[in-house]
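Visitor: Sequence first, then the predicted structure, then my questions.
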Amino acid sequence: MNYESMYRQSIDQKEAFWAEQAALLPWYRQPQQIISNTLNGFYEWFADGITNMCYLCVDRHVAEGRGEQTAIAYDAPAFGTSEQITYRELQNTVAAFAKGLLNLGVRKGDTVIIYMPMIPQALVAMLACARIGAIHSVVFGGFAPHELAVRIDDAKPRVIISASYGVEFGKKIPYKTLVDEAIAEARHKPDYQVYYRREEGFDNLGGPGELDYEALLSCGTTDCVPVASTHPLYILYTSGTTGRPKGIVRDTGGYATALRFSMEYIYNVQQGDVFWAASDIGWVVGHSYIVYAPLLHGCTTVLYEGKPVRTPDAGAFWRVIEQYRVNVLFTAPTSIRAIKKEDHNGSFLREHNIGSLHSLFLAGERCDPDTFGWIQQLLQKPVIDHWWQTESGWPMLSLMTRIDERPGLPGSAGFPVCGYDIRILDEQGAEVEAKQEGNIAIRLPLPPGCLPGLWNNEIRFRKSYLERYPGYYLSGDGGYKNEEGYVFVMGRIDDVINVSGHRLSTGEMEEIVSAHPAVAECAVVGIACALRGQRPLALIVLKDGIAQTEADLQDQLVHTVRETIGPIAVFKTAVVVKRLPKTRSGKILRKTISEIADGKAYTIPSTIDDPEILNEIKEKLLQRRVGIAFDEAI
């Protein structure tokens, strides 16, 4: 079957299509009810099916005779260590840790927060939660205590699982200290905090509810708990325009069905292949393509605790591909830009044999054509830029490489993946013509694996995704299709920016900046960054009579944003201006500010209250050497 025929079947005969895909998984009870509407008018997949994600990812491979195959290849260049864990070893450890969680009172439906670095113990914790039907919420270890506290209060975990520290370019980040601060700030208090102690004497336990990770492994073992297909597997928080994170809920059976399908038809990998998603388990890529999809499909997943450069050099990725014979690499364009910056001629690549590599997939942010062309020329392998979201859980646009031989087109994320009826709509909800930009929306129902809702917030779910265009899911991104059907995703239509693949709220940053006693008003926008895709820029109007130098103010704000959100925000630039550009109704022209900083042509809105302010801002940015032309972020 070719792409066109399979795609049409997935849209026109969706129940039969996904019933066939679901049947390829071993269920405790095979679903007969493929798609159904719920009381709130939405829908759910395989509602009467019974399954367990840990069984699908671990136990069944052992039962089918693949227990001695490597499940996880862990590589930590900062420590000079590596470890290969078989499916049988993984099963034994996960079953033991799951029993330890049960002994702490964790039961099916309870929540557990995991705040850990990229180590095997983090994957064990995730799979152990899935084994007993607990709902995990992994929080990226780089987030500051306040952000962790917000998630604690929303998810209300019975247990937090963490570690002594994570490592960022050789520096140890003490996680226990951050967890202590977050718990002190949060209103909800977990019953227990479990720590994997990476180094003897680094941290001391003994406070209320503090336990050693290893102690939980000495409690015996437990079997997988059957759960409904619709049972939540995890909550994953993503930034919203209000600054309050949205808890994306993921079901179990639909997610498993979609992930298996994607591994076969998008990534074109087989059981026993080596799959490497160079991401972090704190993000959706890590959930889907470091942990669940590779293990579910019987692959070896590479767990890499390092960076593309400076661990030790820009050849780190090529060394890992050679050492573990990686077949597919999945990373963000930011990683490729970092390698390109330090090794533009690709000299490190020539030191390694990457003949095992079939293809490179890019996602997390739009890959600019220059970066796409550079890496494709360097690797001489297929490079596929594809697009998806935390909400979708798996790709929405891609080249489905098993059934579609069309080449990747620089700047495009490919074609709609099976199950996604993607349309480009104007403000009134009508489809636009080819090459005309609009809002990217997906006609309902979404395929299996996508979010069934937000954690304890149905009103926000409907308002965020379903109200704008009835009968459609609003992606929040804008873009267009060309005459051949390739889709180009051009960026967010809200005030969330994408920094190195991390979606961050400019609204939250504005709240932080506005709280400074010298600031009268401000606007935080995303501007282009040659390395990270985007980074934040703050324009600030000072209060009258304030004796505050711009340099001192910037230093103070950088420190505050780092402490509140974390260094991943890459907040470095605050520019003082006389006024902010606004419409007569008071709306700040954020898009126009971004276009000025990015050196793009911009149209002065007819509703602007003072056109001259745009020239003043442009001049000030030039004086400060702010914008893509100066590449300050590099």
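Guide: Structure received.
Visitor: ok, residues contacting stretch 408-418?
Guide: For stretch 408-418, contacts defined as CB atoms under 8 Å, 6 or more residues apart in numbering pick out 3, 6-7, 9-10, 17, 261-262, 265-266, 366-369, 372-373, 376, 382-387, 394-400, 404, 406, 422, 447, 482, 485-489. (Glycine included, C-beta is placed from N, CA and C.)
Visitor: hmm, I was thinking of stretch 88-108
Guide: Contacts for stretch 88-108 (CB under 8 Å, 6+ apart): 54, 58-59, 62, 67-68, 71-72, 85, 112, 124-125, 127-129, 131-134, 158-159, 191-192, 194, 211, 215-223, 225, 227, 231.
Visitor: run the last query once more with 7 Å
Guide: Residues from elsewhere that reach stretch 88-108 (CB atoms under 7 Å, 6 or more residues apart in numbering): 54, 58-59, 62, 67-68, 71-72, 112, 124-125, 127-128, 131-134, 158-159, 191-192, 216-217, 219-222, 225, 227.
Visitor: Tell me the buried residues in that stretch?
Guide: 88-102, 104, 106 (16 or more other CB atoms under 10 Å).
Visitor: Adjacent strands (with direction) for the lowest-mean-pLDDT helix or strand in the chain?
Guide: Using mean pLDDT, DSSP states H and E, the weakest-scoring helix or strand in the chain turns out to be strand 502-505, at a mean of 78. Strand 502-505 sits in its sheet next to strand 496-499 (antiparallel), going by DSSP bridges.
Visitor: ok, and what's touching the partner strand?
Guide: Contacts of strand 496-499 (CB under 7 Å, 6+ apart): 239, 241, 365, 503-506, 526, 532-536, 568-570.
Visitor: distance of L295 from A134?
Guide: Relative to A134, L295 is positioned 18 Å away (CB to CB, to the nearest Å).
Visitor: Please report how far the residue of the chain most remote from its centre lies from A518.
Guide: What lies farthest from the middle of the chain is G545; by CA atoms, centre = their mean that is 43.6 Å. The gap separating G545 from A518 is 10 Å, by CB to CB.
Visitor: cool, F17 as well?
Guide: F17 sits at a distance of 59 Å from A518 (criterion: CB to CB).
Visitor: The two: who's more crowded?
Guide: Legend: neighbour count by other CB atoms under 10 Å for F17 and A518, higher for F17 (21 against 15).
Visitor: mind checking pLDDT for the more buried one?
Guide: F17 is assigned a predicted lDDT (pLDDT) of 98.
Visitor: same thing with S82?
Guide: 96.
Visitor: where exactly do the helices run in the stretch 101-250 of the chain?
Guide: For the stretch 101-250 of the chain, the helices defined by DSSP state H, counting those that start in this stretch occupy 120-132, 145-155, 175-185.
Visitor: Nearest approach to G453 belongs to which of those?
Guide: helix 145-155 (13.9 Å; CB to CB).
Visitor: That closest one packs against which elements?
Guide: strand 111-115, helix 175-185 (3 or more CB pairs under 7 Å, 6 or more residues apart in numbering; DSSP states H and E).
Visitor: What residues of it count as buried?
Guide: The neighbour-count check on helix 145-155 (16+ other CB under 10 Å) flags P145, H146, E147, L148, A149, V150, R151, I152, D154, A155 as buried.
Visitor: okay, the angle between that helix and strand 111-115?
Guide: Calculated by axes from the mean of the first three to the mean of the last three CA atoms, to 10 degrees, helix 145-155 forms an angle of 160 degrees with strand 111-115.
Visitor: Run the angle between helix 145-155 and helix 175-185 for me.
Guide: When the same axes, to 10 degrees is applied, the directions of helix 145-155 and helix 175-185 differ by 60 degrees.
Visitor: Use 4 as the first number for this chain going forward.
Guide: In the new numbering, first residue 4, that becomes helix 148-158.
Visitor: Residues in contact with helix 148-158: which ones?
Guide: 114, 116, 118, 140, 142, 181-182, 184-186, 188-191, 238, 240, 248, 250, 458, 567-569.
Visitor: and the residues you listed, which are buried?
Guide: Buried among these (16+ other CB under 10 Å): 114, 116, 118, 140, 142, 181-182, 185-186, 189, 238, 240, 248, 250, 458, 567-569.
Visitor: Strands of the stretch 404-553 of the chain, residue ranges please.
Guide: Chain-ordered strands for the stretch 404-553 of the chain, with DSSP state E, counting those that start in this stretch as the definition, fall at 418-419, 424-428, 441-446, 475-484, 490-495, 499-502, 505-508, 522-532, 536-545.
Visitor: Make JSON lines from the ones you listed and add mean neighbour count to it.
Guide: Formatted as JSON lines, the strands of the stretch 404-553 of the chain follow (neighbours: other CB atoms under 10 Å):
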{"stretch": "strand 418-419", "mean neighbour count": "23"}
{"stretch": "strand 424-428", "mean neighbour count": "19"}
{"stretch": "strand 441-446", "mean neighbour count": "21"}
{"stretch": "strand 475-484", "mean neighbour count": "21"}
{"stretch": "strand 490-495", "mean neighbour count": "19"}
{"stretch": "strand 499-502", "mean neighbour count": "23"}
{"stretch": "strand 505-508", "mean neighbour count": "24"}
{"stretch": "strand 522-532", "mean neighbour count": "22"}
{"stretch": "strand 536-545", "mean neighbour count": "23"}
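Visitor: Now distance to D612 too, for these, in TSV please.
Guide: Shown next, in TSV, are the strands of the stretch 404-553 of the chain (distance: least, CB to CB, whole Å):
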stretch	distance to D612
strand 418-419	42
strand 424-428	30
strand 441-446	27
strand 475-484	26
strand 490-495	25
strand 499-502	25
strand 505-508	26
strand 522-532	14
strand 536-545	14
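Visitor: hey, least reliable of these by pLDDT?
Guide: Lowest mean pLDDT within those: strand 505-508, at a mean of 78.
Visitor: ok, W30 touching M56?
Guide: No: W30 lies out of contact with M56 (CB atoms under 7 Å); the separation is 11.7 Å.
Visitor: between these two, which one's more packed in?
Guide: Ranked by neighbour count (other CB under 10 Å), W30 and M56 place M56 first, with 28 against 20.
Visitor: Which residues are in contact with the more buried one?
Guide: For M56, the contact set (CB under 7 Å, 6+ apart) comprises A133, L236, T255, A259, Y295.
Visitor: Now tabulate those in JSON lines and tack on neighbour count and pLDDT.
Guide: Output for the contacts of M56, formatted as JSON lines (neighbours: other CB atoms under 10 Å; pLDDT from 0 to 100):
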{"residue": "A133", "neighbour count": "29", "pLDDT": "98"}
{"residue": "L236", "neighbour count": "27", "pLDDT": "98"}
{"residue": "T255", "neighbour count": "24", "pLDDT": "98"}
{"residue": "A259", "neighbour count": "28", "pLDDT": "98"}
{"residue": "Y295", "neighbour count": "29", "pLDDT": "98"}
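Visitor: just curious, which of the residues you listed is nearest to D276?
Guide: Nearest to D276 out of the contacts of M56 is Y295 (CB to CB; 15.7 Å).
Visitor: OK, contacts around the closest one?
Guide: Y295 neighbours (CB under 7 Å, 6+ apart): M56, C60, L262.
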